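> Below are the sequence and a predicted model for it; my questions follow.
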Amino acid sequence: MQNRLTINDIARLSGVGKSTVSRVLNNEGNVSPQTRERVLQVIEQEHFSPSKSARAMRGFSDKIVAIIVSRLDSPSENQAVRAMLPLFYQQGYDPIVLESQFSAERVKEHLQVLKQRNIDGVVLFGFTGLSAQMLTPWKDKLVMLARDMPGLSSVCYDDAGAVQLLMQKLLAQDIRSVGFIGVSPHDTTTGQRRSEAYRAFCQEHHLTPHIVLGELTYQSGFELIPQLLDRDIQAVICASDTIAIGAQKYLQQQQIRDVQVCGIGNNPLLHFLFPQSLSVELGYGAGGEAAAKQLLAQLDGSATLQQLIIPGQLAV
Ligand SMILES: O=P(O)(O)OC[C@H]1O[C@H](O[C@H]2O[C@H](CO)[C@@H](O)[C@H](O)[C@H]2O)[C@H](O)[C@@H](O)[C@@H]1O
């Protein structure tokens with residue numbers, strides 16, 4: 001196999017110094033037109049392209065952005081990622097996808113590698129437990145999605161608004177006995193913000209709250225809904241559509257048809273399997289698009305840091 005040429009080889013073949021080749025590659029001044037032409041000719045003849053690590057060491061951009069998802073199997077995150085990709089491609093960026101599994105330590109490791117590789121920018125699906133200290137050095141080239149953090153650009157969903165929309169809809173149908181399947185309050189958005197909005201609505205409208213907490217899985221919906229059925233509910237709000245799929249599956253197996261199941265996220269699978277469900281379109285696609293646009297604008301210097309909230313609406 002032929003050895004890869006280095007900048008030193010190009011310098012020798014062109015009869016110039018290494019720094020001159022570097023200046024030609026960087027398109028910098030201080031090189032005569034004749035010398036530039038000679039170096040470019042050698043580069044062309046030898047089909048030379050600097051290795052990625054050499055480019056990174058010199059501060060070149062390889063036009064790569066990283067997307068750090070929390071879970072590769074999350075329907076909501078997949079929707080957001082799919083909406084981002086065309087925007088990155090249009091601007092000549094190659095996206096790479098990494099997974100955090102909600103581990104701050106893993107995000108730290110990913111960021112270290114991304115820094116060494118001179119990656120241009122990062123969209124990070126945020127979660128509780130990430131520290132500002134770790135992320136602040138990235139602030140100009142990072143957008144956080146699904147969570148906010150002071151001093152960083154972010155795109156969030158309207159967690160409380162989604163629960164309010166569902167509760168208002170149920171109340172308008174005179175449904176007053178509503179249960180809630182949520183997730184741990186250690187999860188600030190899907191957990192704490194959605195559960196608190198449910199509690200606050202119940203308090204404001206003199207409804208008795210019935211809350212059970214589980215995980216972000218359909219198994220949780222399946223396993224937890226029996227506890228709410230014991231409390232004679234007419235409807236249940238699930239903190240996500242994935243949880244709602246599990247709850248619906250249980251009701252289907254038990255042939256229970258008089259409990260209205262509501263979810264959050266407008267997951268097409270929920271509507272396909274259980275079209276009688278009610279859900280809120282949170283705007284995962286719009287969120288992904290907004291995050292990609294914001295990152296691109298930060299990278300080309302046309303935008304400052306921004307905190308955006310995508311409004312939700314009842315799915316039809
Ligand atoms: O079942 P899914 O489609 O995966 O949706 C569940 C929720 O996923 C997202 O929230 C979770 O991940 C966020 C990062 O993307 C994180 O900030 C949050 O704490 C997690 O709960 C999504 O943001 C929610 O809208 C979905 O309901």
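On my side now, so go ahead. Numbers count the residues shown, from 1 in each chain.

> make it CA atoms for all contacts and neighbour counts henceforth
Will do.

> next one: stretch 105-112 to chain centre, how far?
Relative to its parent chain, stretch 105-112 has a centroid offset of 16 Å by C-alpha atoms, centre = their mean, to the nearest Å.

> in that stretch, what's buried?
For stretch 105-112, the neighbour count (16 or more other C-alpha atoms under 10 Å) marks V107, K108, H110, L111 as buried.

> and that stretch, anywhere near the ligand?
No - using C-alpha under 6 Å from any ligand atom, stretch 105-112 never reaches the ligand; the gap is at least 12.6 Å.

> and G287, what does it touch?
Neighbour list for G287: A80, L145, V155, C156, Y157, I310 [criterion: C-alpha atoms under 8 Å, 6 or more residues apart in numbering].

> what's the burial count for the residue nearest to the last one when sequence neighbours are not counted?
To tie it back to what came earlier, the one meant is I310. With sequence-adjacent residues excluded and distances taken as C-alpha to C-alpha, 6 or more residues apart in numbering, I310 is closest to Y157, at 5.1 Å. Neighbours of Y157 under the rule other C-alpha atoms under 10 Å: 24.

> residues contacting Y157?
With contact set as C-alpha under 8 Å, 6+ apart, Y157 has these partners: A146, L282, G283, Y284, G287, I309, I310, P311, G312.

> hmm, try it at 7 Å
Contact analysis of Y157 by C-alpha atoms under 7 Å, 6 or more residues apart in numbering lists A146, L282, I309, I310, P311.

> Out of the residues you listed, which are close to the ligand?
Counting by C-alpha under 6 Å from any ligand atom, A146 from the contacts of Y157 sit close to the ligand.

> what's the closest of the contacts of Y157 to the ligand?
A146 (4.8 Å; C-alpha to the nearest ligand atom).

> Help me confirm that the closest one comes into contact with D158.
No - under the criterion of C-alpha atoms under 7 Å, A146 is not in contact with D158, lying 9.4 Å apart.

> Name the residue in those two with the higher neighbour count.
Set A146 next to D158 and count neighbours by other C-alpha under 10 Å: A146 wins out with 23 against 18.

> Next one: that one from Q298, what distance?
Applying C-alpha to C-alpha, to the nearest Å, the value for A146 to Q298 is 18 Å.

> Since that was my last question, I'll sign off now.
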